[in-house]
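Q: predicted model and sequence below, questions to follow.
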Amino acid sequence: MALVALLTGCFHYVPVAEIPPQGTPVRAYLTRPISVDLTEVTANNIVQVRGEVVANRPDRLLMSAFALESVSQYEHLAAGETVLIPRDALGQIEEKRISATRTALAGAVLAGAGYLIQLGLRTAIGGGDGGEPPPPSK
């Protein structure tokens with residue numbers, strides 16, 4: 001579980017001036033709430049969509065949605081359904097990118113944890129700290 005938390009921490013969102021190309025992971029903030037039809041439910045009052053760009057049209061942005069957030073901050077999980085965002089409701093777009101700093105920190109934490117686990121196993125299995133053997137008994 002900690003590994004998942006560390007690895008998801010390696011990503012962050014960066015504001016972009018233009019809509020990235022198809023397939024790019026993005027987060028879209030909306031200027032007004034919209035309703036989105038998901039497979040089995042309609043999500044109302046949506047103000048944020050996370051997913052991938054499907055198409056950028058003059059009048060709308062199409063996204064393959066993975067998560068939608070409502071005005072009340074309730075998160076609706078989606079299964080890649082295509083969401084149509086009218087251009088007049090589209091606010092800021094942020095692109096999901098990998099963070100070199102967070103990735104290096106996660107790697108260091110994992111390496112340190114691996115070392116401590118190995119040291120603990122060696123001590124438990126070997127019965128000692130790996131130092132000099134005890135003197136022979138008389």
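A: Alright, I've got the coordinates. A quick note: this is a predicted structure, and the numbers were derived from the prediction, not measured.

Q: show me what whichever strand in the chain runs longest is packed up against.
A: The single longest strand within the chain, with elements called by DSSP state E, is strand 42-56. If contacts are counted by 3 or more C-beta pairs under 8 Å, 6 or more residues apart in numbering; DSSP states H and E, strand 42-56 sits against strand 25-37, strand 60-70, strand 82-86. Bear in mind the C-beta positions are built from the backbone N, C-alpha and C, glycine included.

Q: what does it contact?
A: By C-beta atoms under 8 Å, 6 or more residues apart in numbering, the surrounding residues in contact with strand 42-56 are 19-30, 32-37, 61-72, 76, 78, 80, 82-83, 85.

Q: just the buried members of these?
A: 19-20, 25-28, 30, 34, 36, 61-65, 68-70, 76, 78, 83, 85 (16 or more other C-beta atoms under 10 Å).

Q: quick check: Thr39 is in a strand.
A: No. Thr39 is assigned coil when assessed by DSSP: H, G, I helix; E, B strand; the rest coil, not a strand.
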